[in-house]
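> give the three-dimensional model of this entry:
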Amino acid sequence: MTATESGRRAVAELRETWRLLHLEQRVAGVAAVLVIVSTLGPFSFVEAAEILTAAAVLLLLRMRAQRREFHLPFGDGTAIAAAGAWCALLIVARMFDRPPGQTALALLCALLLAGAGVRERARRAPDDLPDPPDAPGGVVARPPNDEPPAPPPAGGGAGQTSATGRGPGPT
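Below you'll find the predicted structure:
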């Protein structure tokens, strides 16, 4: 495989990932990339931690778009919001070592990431608290002997992954 072919394949995979994500996940992805870009300039372990945190969010989104199943105790939204809050805290810690404009932009990107996580949390219940379709306006945990979730669609498309009506993500 040539470099051109592998580049085209990577772009096609990126487009497919983007297509499979919903709005909150897309905002989180863009915010994570912006947090990484905002680390340009003086570099220390703080910036390395920001990059690692944002890259973890991007990996989470990629794995959800690929429909890989894994469990996060408080759900994807909480993890994304915590990543944004952690990046914001790291940016504030380095506030006086960086130019004010760059710090403000980086802080805005981190807060955008945290906000996307909060919106994701509001949109989808955590993994361990599935919301049945007949729940009256709230999240109700199912008993362990309740019926198993419906299998994912055969085509592996971006449709619903369970009876709860959730999009990409664990059931």
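> list the buried residues in the helix ranked longest in the chain.
Criterion DSSP state H: the longest helix present in the chain is helix 100-123. The neighbour-count check on helix 100-123 (16 or more other Cβ atoms under 10 Å) flags 103, 106-121 as buried. Where C-beta positions appear, they are placed from N, C-alpha and C, glycine not excepted.
> over to stretch 14-33?
Applying 16+ other Cβ under 10 Å to stretch 14-33 flags 17, 20-22, 24-25, 27-29, 31-33 as buried.
> export these to TSV and append columns for pLDDT, distance to residue 50 and secondary structure.
Shown next, in TSV, are these (pLDDT from 0 to 100; distance: Cβ to Cβ, whole Å; DSSP: H, G, I helix; E, B strand; the rest coil):
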residue	pLDDT	distance to residue 50	secondary structure
17	82	22	helix
20	80	26	helix
21	84	22	coil
22	82	25	coil
24	89	21	helix
25	89	20	helix
27	92	18	helix
28	92	15	helix
29	93	16	helix
31	95	12	helix
32	95	10	helix
33	94	12	helix
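> nearest to residue 84, of these?
residue 31 (7.1 Å; Cβ to Cβ).
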